[in-house]
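Novice: Here is a sequence together with a model predicted from it:
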Amino acid sequence: MTPFRARFAPLVLISALALTGCSAPTATPSSPDDTFVLGISSEPDTLNPVLGYAPDGGSLLFDGLLGRDADLSLRPALADKLPETDGTTVTFTLRKDVTFHDGTPLTSEDVVHTYKAVLDEKNNSGIRGDFAAIESVEAPDPATVVFRLKYPYAAILQRATLGIVPVGRALDAEPVGTGPYTFVSRTPGDKLVLKANPSYWGGAPAIRQLVVAYAGDDNVRATRMAAGEFDATVLPPKAAARFENRQGLTVHKVQSADYRGVMFPFGQPVTGDLAIRKAVNLALDRQAMVDTILAGAGEPAFGPIAPGTTWHNPAVAGSATPDQAQATRLLDEAGWHVGDDGVRAKDGTRASFTLMYPAGDALRKDLALAVASDVKKIGVDVRLAGLDWDAIEPRMSKDALVMGYGAPFDPDYTNYELFHSAFAGQGFFNPGHYKAPEVDALLDEGREEPDPVVRKRTYDAFQQRISDDAAWAYLVYLKHVYVVRGEWSGIAPSVEPHAHDTGGLFRNLAEWKPAS
Amino acid sequence: MTRALARMVLWRLAFTVPLLFAVTLGMFALAKASPFDPVRQYLGDRAVVTSPEVMAQIRANWGLDRPVAEQYLTWLGNLVQGDLGDSRSMHRPVAEVIGERLGWTLLAVSCALVLMLVVSLAVGALAAWRHDSWLDRAITGSAYANEAAPVFWTALIVMWVFAVKLQWLPPGGLTDPAATTLEAGDVLHHMILPVAVLAFSQSSWLLLFVRESLITTLREDFVLGARARGLRERTVIVRHALRSALLPFVTLLGARIPELVTGAILVETVFSWPGVASASVQAALAADFPLLAALTLLATLAVVVGNLLADGAYVIADPRVRVLGVS
């Protein structure tokens, strides 16, 4: 102990010197009453919607043509009503009372500019692919915007939540939008300061000053929340447990469409075999994954469309607990027999495959371990490989991978790219080369069908079909966990997407009011 | 002497140009050998939902599909014209990113440098004066331990003690989370820990040097003479011994600049200090070559200039000294 204490002798001296050198207060910081401090895990790379900031809404700085209610139904925002859709033409009319934060009035030119900037190849926008259906955007008069599509695209209205930016501002300029909060300052790597927009068309927010502080480490966020520095934060379930039943704090566990599952490569002798995939699906103990790995903040998953959304097919379900008898029977019938080493084999092929996971992701690692130990009980050998994304990509057609996706807004989102044969082997789209002409037809139909009732039937059939094929082994849906200080009315949880830039619980912060 | 100084500066500058050139070449080769895909890093979480066609377009816009030699020459050409390019991870011009962060790094590093000088001089002199006492042993012992400890480790321990346990000082950042404006007192308060750790972690070398050099000087005849004349101990140490013991200190200081640069990288990262050094960590993680290249050049320049200043000061302080370019 002595050398350790000795180490600190000069340090105390230095600190004492430094302390006397300035007259700064040494009390713990406390936030002024009208400032709300949010602790967020990751800083957005950009605050420009054109470059990919919050394309699914939830930005406090910007409004889209449309917005979303808590039940995820679309509602007019900058548009004065839900638009008329006619096959490949969508016509929006704009509200007349909207101005940008810099005082200029909103016109249809701004909307055209925003969408054209996203589609401009020179701007390197990562979300350009999401708007591939758009042929042209026109402004026939200052209050009307007309979208012309290359093909009928049912999800186009969901894409109308993209934040609108004014004409003629550089991509890297300070953000100017029409949203409930205006930009004050930004310290990269530290925080973003916003203040309420008193002339917001939807009414001025009750929280007058908002600070979004970034802290990547979960424990740092929990500590700063406990110390009173943050008024609200997002935490992993285990780190949030200490805030349960604490005076003045509320823990919100919010349902999400954010799933984790095992993607199977179809071109391989083991994972390409339907019996193996079905048996793996049956042998998984999803309830144990939810209870232990997610500390209860989750649900078992059986398909890519989340329960709690309108598009979920309740007929596609399974048992949360494993059914080893059924799994063993399936494998025996398919000719996979247990060998001397306890691993099954068929015609000299061992029932063994590699399961990859991104090395830095603790959750996916735990899930991969659980999968390996569950399927070992039915004689299937899973070898794990924790790799970097750049090492994972070239191996995805050969080895299984723990992946995560999920957007609650429209069933076309990501599912089209993940299961359509046209995308087979294109980067992270359909990496397992899943090819089923029936699924292709269903996805094409769902993408173009305007009638919601017919569409629902189409996506029900799609969910049933990929479940029958056991294309993936879906594991769990996560619940996102938030801790909020104080009593507020207006908190409206909704099923959240995988991507966190939509704001999660804080998506409608402008509508929060102190409960009296 | 002025002419000697001017010749030395010219010589050094002549060497700096090929040095910087070699650094850019090495850097470019390393970036090309890196297994990380800059486009994937640029897209972040969205990379898995972005179509390969869009990724290919971005790659083409950045010129990453061109031959390596051509990419290097284009980049070098822009650099010579003063265009540092755009930071890919921060979506802004590199010059702007560096511009807004450089001030914070200079503030922290210069405060640390001053603190380091003052503390190592005072403590080193104290140790030499009380040579072989328990105080001297404690000081030398802790200095050796400190030299062996990694900077980030020291930083984390200090953060744990002063920010988490004692709660005297904030754990990181530039200002309080709830603060919406920059106030000098607030920044000063947040600066204490990073500056102290940076100064402390770099001080042991200097401290040990001052002690060693002073102990030798204290045995010299002129110190003995001063004591024999009945001068006060303080006068003997400060006015006579310390002064002549300090000459090599100047060179040593120049040689410490590279260490200070690497130290700043770790300290800024641990304490979330928004300076250029923490930006270089982010740039490296994001495979953001334009930003990383500019920051590496900046660090190289800092080392060259630091050494130049030290040697210049040396030439001025002791005209007998012959350094490169001075004959």
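Specialist: Received it, and whenever you're ready, just let me know what you need.
Novice: any idea how far B:T269 is from A:F100?
Specialist: B:T269 is 37 Å from A:F100, where distance means C-beta to C-beta, to the nearest Å. Where C-beta positions appear, they are placed from N, C-alpha and C, glycine not excepted.
Novice: where does the chain have low pLDDT?
Specialist: I went with chain A, as the question did not name one. Low-confidence segments of chain A (pLDDT under 70): A:1-33, A:499-502, A:516.
Novice: looking at chain B here, not the other one
Specialist: Segments of chain B classed as low confidence (criterion: pLDDT under 70) are B:1, B:177-178, B:180, B:317-327.
Novice: What segments of the stretch 51-200 of chain A are strands?
Specialist: Along the stretch 51-200 of chain A, the segments classed as strands by DSSP state E, counting those that start in this stretch run A:66-68, A:74-76, A:84-86, A:89-93, A:134-141, A:144-149, A:181-187, A:191-196.
Novice: partner strands of the second one, parallel or antiparallel?
Specialist: Right, strand A:74-76. Sheet pairing for strand A:74-76, assigned by DSSP bridges, gives strand A:66-68 (antiparallel).
Novice: Identify all contacting residues around the strand it pairs with.
Specialist: For strand A:66-68, contacts defined as C-beta atoms under 8 Å, 6 or more residues apart in numbering or on different chains pick out A:G57, A:L74, A:R75, A:P76, A:A77, A:A79, A:L82, A:L157, A:A160, A:T161, A:F409, A:S494.
Novice: The second one pairs with what?
Specialist: Okay, so that is A:L74. Beta bridges link A:L74 to A:R68 when assigned by DSSP bridges.
Novice: Buried only: go through the contacts of strand A:66-68 for me.
Specialist: Burial by neighbour count, judged by 16 or more other C-beta atoms under 10 Å in any protein chain shown, picks out A:G57, A:L74, A:P76, A:A77, A:A79, A:L157, A:A160, A:T161, A:F409, A:S494 from these.
Novice: show me the residues around the fourth one that make contact.
Specialist: Right, the one you point to is A:A77. Contacts for A:A77 (C-beta under 8 Å, 6+ apart) come out as A:D63, A:G64, A:L65, A:L66, A:G67, A:T161.
Novice: Name the nearest of these relative to B:G230.
Specialist: Nearest to B:G230 among those, counting by C-beta to C-beta, is A:D63 at 84.2 Å.
Novice: Now do the phi/psi pair for A:G342.
Specialist: phi 80, psi 0 (degrees, to the nearest 10).
Novice: ok, now how distant is it from A:S199?
Specialist: Separation of A:G342 from A:S199 (C-beta to C-beta): 71 Å.
Novice: who's more crowded, those two?
Specialist: A:S199 (13 against 9; other C-beta atoms under 10 Å in any protein chain shown).
Novice: so who does the residue most central in space within chain B touch?
Specialist: For chain B, the residue sitting closest to the mean C-alpha position, by C-alpha atoms, centre = their mean, is B:V261 at 2.0 Å. Shown in contact with B:V261 (C-beta under 8 Å, 6+ apart): B:A277, B:A299, B:A302, B:V303.
Novice: let's see 10 Å
Specialist: By C-beta atoms under 10 Å, 6 or more residues apart in numbering or on different chains, the contact list for B:V261 reads B:T105, B:V109, B:V276, B:A277, B:S280, B:L298, B:A299, B:T300, B:A302, B:V303, B:G306.
Novice: Please list all residues in contact with the fifth one.
Specialist: When the contact criterion is C-beta under 10 Å, 6+ apart, the partners of B:S280 are B:101, B:261, B:264-265, B:268-269, B:288, B:291-292, B:294-296, B:298-299.
Novice: circling back: tell me which two in the contacts of B:V261 are the farthest apart.
Specialist: Greatest spatial distance in these: B:S280 and B:G306, 17.5 Å, computed using C-beta to C-beta.
Novice: Which residue does the stretch 101-250 of chain A have closest to chain B?
Specialist: Here the stretch 101-250 of chain A gets closest to chain B at one residue, A:G129, 3.9 Å apart by C-beta to the nearest C-beta.
Novice: now that residue, nearest residue through space, not along the chain?
Specialist: Nearest non-adjacent residue to A:G129, counting by C-beta to C-beta, 6 or more residues apart in numbering or on different chains: B:S51, 3.9 Å away.
Novice: My read is that that neighbour contacts A:F428, right?
Specialist: Yes. Judged on C-beta atoms under 10 Å, B:S51 makes contact with A:F428 at a distance of 9.5 Å.
Novice: More neighbours: those two, which one.
Specialist: A:F428 (24 against 18).
Novice: Looking at the strands of the stretch 51-200 of chain A, which one is packed in the most?
Specialist: Highest mean neighbour count of those: strand A:191-196, a mean of 23 (counted as mean count of other C-beta atoms under 10 Å in any protein chain shown).
Novice: List the strands paired with the next helix or strand after that strand, with their directions.
Specialist: Sequence-wise, the next helix or strand downstream of strand A:191-196 (DSSP states H and E) is strand A:209-214. Sheet pairing here is set by DSSP bridges, and for strand A:209-214 it gives strand A:35-40 (parallel), strand A:191-196 (antiparallel).
Novice: can you pull out the strands in chain B?
Specialist: Taking DSSP state E as the criterion, chain B carries its strands at B:86-87, B:92-93.
Novice: Show me the one of these that comes nearest B:L13.
Specialist: In terms of C-beta to C-beta, the element of the strands of chain B nearest to B:L13 is strand B:92-93, at 27.3 Å.
Novice: Any part of that closest one near chain A?
Specialist: Yes. Interface with chain A: strand B:92-93 contributes B:R92, B:P93 (C-beta under 10 Å from any C-beta of the partner chain).
Novice: so what secondary structure elements neighbour that strand?
Specialist: Where contact means 3 or more C-beta pairs under 10 Å, 6 or more residues apart in numbering or on different chains; DSSP states H and E, strand B:92-93 is packed against strand B:86-87, helix B:289-317.
Novice: what's the most buried one of these?
Specialist: strand B:86-87 (a mean of 23).
Novice: How about that strand and chain A, touching?
Specialist: Yes. Counting by C-beta under 10 Å from any C-beta, chain A has neighbours in strand B:86-87: B:D86, B:S87.
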